[in-house]
Structures are given as C-alpha cells and as structure tokens.
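Colleague: predicted structure and sequence below. I'll ask about it afterward.
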Amino acid sequence: MVILGMRTNLPEVRFEYAFLLSEYASEGLNTLWGDGTPLRSFDEYTEIVKKYAEWWKDDGDKIIRELCRITELEFYQNTIDVYVAPWFYAFSSPMVLGVTFSSKNQFINTLTHEIIHRLLTDNTTYSREYDFLQLWRSLFGDHHEWNTLVHIPVHAIMQKLYIDVLNRPDLLELDKKDLNERGDKEYLAAWEYVEQQGYEAIIRKLKQHSSQMNIKQVTHE
C-alpha cells in the first residue's frame, strides 16, 4: 500500500542531559524521595547519555523505519529529542527518560515504547487535536481503563516489531516480565487484550482508519 505523502527521510533521535530539568525538578524529587545521597555530577549524567546514544545506534534507525512501515504513519517532526534526567522513568511528550536502565534491552524496550506513543499521536495523518481516546474506544471497546486503552495499540505494534521484524521475542518477554515485577495491572491488561485479539487484527484496524483519514485529506486538497 502506498502511504500518501510519506517522506523518505526518518526523524533523527537525539539524546541530551536535561540539566535544567534536573536542577529544577530532579533536585526536589531527590530531596523528597531520596535516601540523602546527592545527585550525580553533570559529567556522570553526560556519560549516561552517551551510553544511551550508543545503545540506540545499532538498531535505532531500523526501529524507526519499521514502525513507520508497520503503522503506515510518518512522524510529524523530523527530530525526536530525548531528554535524560534523574528521578524520571519515561514519558513521550516531551520525551524524557530516567538514568537507571540496567541493560541495553531494557532501554531499547522503553524508548521504543515511548516512540510508538509519539508516532501514534504526532504524525502527518492526524491533527494534534484529534480525539485519539475516542478513536481507540471505538476500535477496542470503551470498557478499558485509560492506561489500558492507550497501551493496546502500543503493545500490538511492539509485538509486530519484535516478532515479525526484529526476531527478538526476548524483548517481548522482558517487557512483560518487567511489568509483572512492577505490578502494572493496566499495562498487563493491555497485553492480555492484544494476546486475545491478535496484534495483526489490532494493527489492521488502526491502518484502516488512518487510510480513511488520508483519503479525506486528499479529497479536501
């Protein structure tokens, strides 16, 4: 299928130590939740950022490219800035990661997860104001908790990427293992739904809707 308006260039993923975020937010969180140990130095956090960039370098471009191919969506922005700061775990807008990922695989899982969130909600097919929650309720049912609902498409795309493209079922199992250890019931419920319905069926629904949106865009031009 041809993706209307698809750019051939992929966004660059850039990593940066968010020293201002660290100064104005992490310091307070460390005071509130820490054990009295001070935050590490600027140079130490910069080294973590360099490590993350190295970890991403091996498969990052392929992951970005394949996510676009799987979803038939393209990123709206040509740069994804990943800000790294202590006392944060991960979120997608703005893209922020913490400093405690213990392995390359855990880091790849987490960043891939957040980039899928970004692609689903900030792309050239849908406006930023689009009601994605209403869309996903219509596609997957309105009985899910919010956190479960938003992770159904994310997990389906992750499974497609890991099983059919990267041949990395170990990453899939690691993600589920980490969620079990953290007791993230709503995330696990999303995985349960994906396993019941099948990731291909979920992705097919997503692509059918985005194709309709693209057709509408062309019709109105």
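Modeller: Alright, I've got the coordinates.
Colleague: report the mean confidence score over the helix or strand containing residue 153.
Modeller: Element membership for residue 153 (DSSP states H and E) is helix 146-160. Throughout helix 146-160, pLDDT has a mean value of 98.
Colleague: repeat for stretch 32-46
Modeller: 95.
Colleague: what comes up buried for that stretch?
Modeller: Within stretch 32-46, the residues that qualify as buried by neighbour count (16 or more other Cβ atoms under 10 Å) are 39, 45. Every residue, glycine included, has its C-beta placed from N, CA and C.
Colleague: and stretch 112-122, by the same measure?
Modeller: Result for stretch 112-122 [16+ other Cβ under 10 Å]: buried residues 112, 113, 114, 115, 116, 117, 118, 119, 120, 121, 122.
Colleague: I'd say the first one and residue 158 touch.
Modeller: Yes - contact status for residue 112 versus residue 158: in contact at 6.6 Å, counting by Cβ atoms under 8 Å.
Colleague: ok, back up a step: got the CA positions of the helix holding residue 153 in PDB?
Modeller: Extracted C-alpha coordinates of helix 146-160, given in PDB (Å, rounded to 0.1, in the frame of the first residue of the first chain):
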ATOM      1  CA  TRP A 146      -7.500   4.800  30.400                       C
ATOM      2  CA  ASN A 147      -4.000   3.400  30.800                       C
ATOM      3  CA  THR A 148      -5.000   0.100  29.300                       C
ATOM      4  CA  LEU A 149      -6.700   1.700  26.300                       C
ATOM      5  CA  VAL A 150      -3.700   3.800  25.300                       C
ATOM      6  CA  HIS A 151      -1.400   0.800  25.500                       C
ATOM      7  CA  ILE A 152      -3.400  -1.600  23.400                       C
ATOM      8  CA  PRO A 153      -2.100  -0.100  20.100                       C
ATOM      9  CA  VAL A 154       1.400   0.400  21.500                       C
ATOM     10  CA  HIS A 155       1.700  -3.200  22.600                       C
ATOM     11  CA  ALA A 156       0.300  -4.500  19.300                       C
ATOM     12  CA  ILE A 157       2.900  -2.600  17.400                       C
ATOM     13  CA  MET A 158       5.700  -3.700  19.700                       C
ATOM     14  CA  GLN A 159       4.700  -7.300  19.200                       C
ATOM     15  CA  LYS A 160       4.600  -6.900  15.400                       C
END
